[in-house]
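Chemist: Sharing a model that was predicted from the sequence below.
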Amino acid sequence: MEALTSMTDEQLVKDYSNGNNLAFDILLTRHKQSLFNYIYFTVRDRELAEDIFQETFIKTIVTIKQGRYTENGKFHAWVARIAHNLIIDHFRQAKSENTVSNDETTIDLLNNPSLCDGTIEDDIIKMQITSDIRKLISYLPDSQKEVLEMRYYQNLSFKEIADQTGVSINTALGRMRYAILNIRRMAEENNIILTV
C-alpha cells in the first residue's frame, strides 16, 4: 500500500488497468476532494454534485479498463475535463427539458461561459495568453522558473518540489510566490493582459 501511495498518477493508472484495484483507490483518494469542490462550485447543488462526481469516476473506470486512457502526465486535468463535460451535458439536458430556471438562482447557469464550448476567438485568446505567460516565465530567475514549471506543468506537490530541488517546503512556496508576483509585475509593465 505504501509503495502505491508514492507512485505517480500515470503509474497508478497503468497498475489499475493491469488489475490492481487498490491503485484506483489511491487515485480516487488523491483527487476526490479537489474534483468534488470543482463540481460543487460549478453546479451549487450538493446532491447534483455527488451524482456528477460518481458519474465522472464511473466514466474514468470504464475508459481506463477499455484501454482508452492516453493523457500521459495529466490525469487530474483529464478527469476534470470528464466532469466538466458531464456538467455541460446535465445543463443542456435540463435546458431542453425546461427543468432549470434561471429565475431560481442568483447565478446565470444558462449563460455561464465556463459551461459553454469555447469559440475560435476564445481559443486564439487562450493561445496568446499561454504564449505570453511562457515568454514571461522565460525571464524569471532559474530557481523561480524551476518551481513554477514543476508545480504547473508537472503537477508536483510542494513537498515533491522541495525534495527534488533540495530546499525546504517554505523556500519552494516562497519561490512560487515570487514567480507569480514577478509575472504579474512584468505583465503590468508591458501592458500584457493575462485574462480572457
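Modeler: Alright, I've got the coordinates.
Chemist: Please state the offset of the host helix or strand of Leu136 from the chain centre?
Modeler: Taking DSSP states H and E as the definition, Leu136 sits inside helix 120-138. How far helix 120-138 lies from its chain's middle: 18 Å, per CA atoms, centre = their mean, to the nearest Å.
Chemist: Okay, buried residues for it please.
Modeler: Residues 132-133, 136-137 are the ones in helix 120-138 that count as buried (16 or more other CB atoms under 10 Å). The C-beta positions use only the backbone N, C-alpha and C, and glycine is treated the same way.
Chemist: export these to TSV and tack on pLDDT?
Modeler: Rendered in TSV, the data for the buried residues of helix 120-138 read as follows (pLDDT from 0 to 100):
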residue	pLDDT
Asp132	84
Ile133	83
Leu136	86
Ile137	86
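Chemist: Can you tell me which of those is closest to Arg44?
Modeler: Arg44 lies nearest to Ile133 out of those, by CB to CB, at 29.9 Å.
Chemist: correct me, but the closest one touches Thr195?
Modeler: No - proximity of Ile133 to Thr195 does not meet the contact threshold set by CB atoms under 8 Å, at 11.1 Å.
Chemist: ranges for the helices of the chain?
Modeler: According to DSSP state H, the chain carries its helices in the segments 2-5, 9-17, 21-43, 46-65, 75-96, 120-138, 142-152, 158-165, 169-189.
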